[in-house]
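**Student:** no FASTA, just this:
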């Protein structure tokens, strides 16, 4: 073990190199080449800001359509990938070899082929010339090589398998065989259309993801990352196991601005992991806490990494709705991790670090409440005050809001200069006392303003994600340029000119870092487009459904577990973005289709979050999880051991998808009152805490086996009370299809109607499944059905589907003309399922009473003098 730990020790330089290898490229050339990379990255950031801004349309200059933007986006990514990422571990890092220059320029030509020849290609779709085919084949090969360098072999192997499947379809086993495709058809589909590489995934990367990654990079450059870490340490460091609790909160906050779990680990872990070890956490547990917290940063709204923006396109709902559905699972997952850290501290009797000026409990509570209430009051003033301005002044309110935000920025910056500046601490220097929380929090409140602008634009102005990120980034760029000279002015020390120059240097560094952080994501979304294109060309999605159905034997739980395992396997070695594209393309339709056949009718967002959560385990799961390797390097321990421990901590995240797929109230769907919301949120939090206590073996004291079983039973009941009610009384009553007009007419706003259909699809395959029809606002039955795109006709005891509008909600649900409605299902009149919370809490009370009594006996025995 000692030898393993010695091998795992990484220096600070090696840690930086690990992050660079994974996120920004490990090559560090000098001279003109370094300047070329810098200016190319800068040009990429400026290009993305330009196409996101209103300026091209206002000035009528460089107006690009989506396909052209995607082409230029990939050209930048390919060029930088070959210059920044060396081919092999033995390849030079200090300069770019001649072959890489050739590959980089060839990559730019192939990637920009759609931009350069856009007009010609639009006149001959599906009829590629020799040059088209050469550019396509070369482009695919160069993209795969760039993916190998930036993402590793797993992504390349997966893409090659799918490309092989396109051309070798007739030679495949009968279960997965298809008629195959010619070279021209295959390459046209993958490279010359928007169905493959230049499809939705790359469009989301170009349109949304880049701006949010750039926003995070600029915020980090401004000093927000250090501010979040220091604030969390000062607030929580004095608690039992405080540094670990601070790591959880700091990683959650840093996750908002970091698009990479590995960078998140190194940013916060460099400081928090040594602190955790110092107060008594085992090295592998300290590293595992940081890994679990950092990876979960990607599920925390309002940014949620890159996958949230892909969900917008794949699910077809607004970005704000994605955030709404994702917020509760993310919060309860972090709260449960916070509790796991507390349990570990209890088991090891780990204490916190005292403050410099130790305050009484009442003083701490007053200070904390004043800080929190101050932020709440400020948020309330911003929300309701700005809302009132919008109602009164309409479109002019944006200018008033701009003036208010500018005044708030100057005021908070001046207010922060009353307190000491925050500097990065040396993680190897012992910390005997913590800084006071008040001054630490107050010194950087202006960092929250760009986040306020982002959320305001998304939630209140209801701008697109791209435009919201654009205005938030512009405001952040202003902060980067001005904060240093203004701080120097308010503090009355330092050279204003030097501070201003450093501000512009910070802006340049942030723009370059944001672009370099995007290289891997741009390549990943393009390479994942190969898999998406293969699915649309060959219909392998249907084959996957049949395969999973065959293996699972039609059992719903086995099917879900199988999908989860497949997502986990696909995730090993893939970045989260690429993993989500792959699993949502391959596995989400499987869950929808097989679930519908078994009566599991859930909104599409629940299915996509299900596969997304298991894709997240990629950075944790040994033996590939890079986040575990990074944390192990800091903690100086075995990375496999860290991965196993971190996976154990992450089980609390892995059970959530199974819960919200059956109880969509956890995604805030079907909540009809404030009381219902409070009950759902509170019981979900308690359930995840109890799950953590059961799996960690400690609640009030060490668990006995039967207590752990009872805690798991209570957890299940709080998460899914409907399971027990369904045993007593079925949740739905079946009605004849002829009553459909009456049911649709009476259904309230936003209701969904469960409908069972049968028929043959366009491929001649027999279909028998359930669908959940969204009925929208209350209206006459015909109007509601027309809004869904359905035309019906009663025929005896059944209802025929006469027509389905192309692109309608009904068509997206897989309903086709000629199908027959065989039954309707409406909710049964029965007691609320929440009544089962009462016996669950009584059982919990029994465990609490037994454990408290045992804990008192243990404490009394420890106090007895030794005989």
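**Tutor:** Everything's here; your move. Not measured: the values here are computed from a predicted model. Residues are numbered from 1 along each chain as shown.
**Student:** CA only for contacts and neighbour counts going forward, please
**Tutor:** Will do.
**Student:** got a list of what residue 534 touches?
**Tutor:** 162-163, 165-166, 190, 196, 540 (CA atoms under 8 Å, 6 or more residues apart in numbering).
**Student:** again, 10 Å this time
**Tutor:** Counting by CA atoms under 10 Å, 6 or more residues apart in numbering, residue 534 touches 159, 162-166, 186, 189-190, 195-196, 540-541.
**Student:** same question, residue 690
**Tutor:** Contact analysis of residue 690 by CA under 10 Å, 6+ apart lists 336, 339, 684, 696, 698-699, 708, 710-716, 718, 844.
**Student:** Sitting in helices, which of the residues you listed do you find?
**Tutor:** Those of those mapping onto helices are 336, 339, 684, 696, 708, 710-716, 718, 844, per DSSP state H.
**Student:** Including neighbour count and distance to residue 132, could these go into JSON lines?
**Tutor:** Formatted as JSON lines, the ones in helices among the contacts of residue 690 follow (neighbours: other CA atoms under 10 Å; distance: CA to CA, whole Å):
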{"residue": "336", "neighbour count": "25", "distance to residue 132": "54"}
{"residue": "339", "neighbour count": "18", "distance to residue 132": "58"}
{"residue": "684", "neighbour count": "25", "distance to residue 132": "55"}
{"residue": "696", "neighbour count": "19", "distance to residue 132": "59"}
{"residue": "708", "neighbour count": "22", "distance to residue 132": "63"}
{"residue": "710", "neighbour count": "18", "distance to residue 132": "65"}
{"residue": "711", "neighbour count": "26", "distance to residue 132": "63"}
{"residue": "712", "neighbour count": "20", "distance to residue 132": "59"}
{"residue": "713", "neighbour count": "19", "distance to residue 132": "61"}
{"residue": "714", "neighbour count": "25", "distance to residue 132": "62"}
{"residue": "715", "neighbour count": "25", "distance to residue 132": "58"}
{"residue": "716", "neighbour count": "18", "distance to residue 132": "57"}
{"residue": "718", "neighbour count": "26", "distance to residue 132": "58"}
{"residue": "844", "neighbour count": "18", "distance to residue 132": "67"}
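**Student:** partners of residue 773 in the sheet?
**Tutor:** For residue 773, the beta-bridge partners under DSSP bridges are residue 753.
**Student:** Just the element for residue 503, please.
**Tutor:** helix 496-538 (DSSP states H and E).
**Student:** Now do that helix, average pLDDT.
**Tutor:** Computed over helix 496-538, the mean pLDDT rounds to 87.
**Student:** Next SSE downstream of that helix?
**Tutor:** Per DSSP H and E, the helix or strand that comes after helix 496-538 is helix 540-552.
**Student:** Please point out which parts of that following helix sit buried.
**Tutor:** Within helix 540-552, the residues that qualify as buried are 540-541, 543-546, 548-549, 552, counting by 16 or more other CA atoms under 10 Å.
**Student:** and it, what other elements does it pack with?
**Tutor:** When contacts are defined as 3 or more CA pairs under 10 Å, 6 or more residues apart in numbering; DSSP states H and E, helix 540-552 sits against helix 153-167, helix 496-538, helix 556-571, helix 576-586, helix 588-597.
**Student:** Apply 8 Å and report the result again.
**Tutor:** helix 556-571, helix 576-586, helix 588-597 (3 or more CA pairs under 8 Å, 6 or more residues apart in numbering; DSSP states H and E).
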